[in-house]
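**Q** sequence first, then the predicted structure:
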Amino acid sequence: MIQPSNAFRVVIKVAKYTADVEYGLVEMIEQEHEFWLDRSIGYSLALFMMMWLQRLFRDLARHC
């Protein structure tokens, strides 16, 4: 559990787009990704991007 004094939130908003996937084109709706991070862990930009991309691909897989 994240201690309130160490928590911060990052929100990424993604506009509607068309994904070109293995089975053709998929229309993706506007999305909002919210992350609650614990500043005591020490995130790097690479770790944050990996977490965000995993969530983005998971959402994409749900729509295929």
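**A** Ah, there it is.
**Q** now the strands for this protein?
**A** Applying DSSP state E to the chain gives strands spanning 7-14, 17-21, 24-28, 31-38.
**Q** which stretches of this protein have low pLDDT?
**A** The model of the chain has pLDDT under 70 over residues 63-64.
**Q** find the residue at the geometric middle of this structure.
**A** A centroid search over the chain (CA atoms, centre = their mean) returns Trp52, at 3.3 Å, as the residue closest to the centre.
**Q** now the strands of the chain in a markdown table, please, with extra columns for distance to Phe48 and mean neighbour count.
**A** (Each C-beta comes from the backbone N, C-alpha and C, glycine too.) Listed next are these as a markdown table, based on distance: least, CB to CB, whole Å; neighbours: other CB atoms under 10 Å:
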| stretch | distance to Phe48 | mean neighbour count |
| --- | --- | --- |
| strand 7-14 | 8 | 11 |
| strand 17-21 | 21 | 11 |
| strand 24-28 | 21 | 11 |
| strand 31-38 | 8 | 12 |
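**Q** got these as JSON lines, with distance to Asp59 columns?
**A** Converted to JSON lines, these look like this (distance: least, CB to CB, whole Å):
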{"stretch": "strand 7-14", "distance to Asp59": "9"}
{"stretch": "strand 17-21", "distance to Asp59": "10"}
{"stretch": "strand 24-28", "distance to Asp59": "8"}
{"stretch": "strand 31-38", "distance to Asp59": "6"}
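**Q** out of the ones you listed, which gets nearest to Phe57?
**A** Counting by CB to CB, Phe57 lies closest to strand 17-21 out of these; the figure is 10.1 Å.
**Q** circling back: wait, the residue nearest to the centre of the chain sits on His33?
**A** Yes - under the criterion of CB atoms under 8 Å, Trp52 makes contact with His33 at 6.4 Å.
**Q** who touches both of those two?
**A** Applying CB atoms under 8 Å, 6 or more residues apart in numbering, one finds that Trp52 and His33 are jointly contacted by Ile12.
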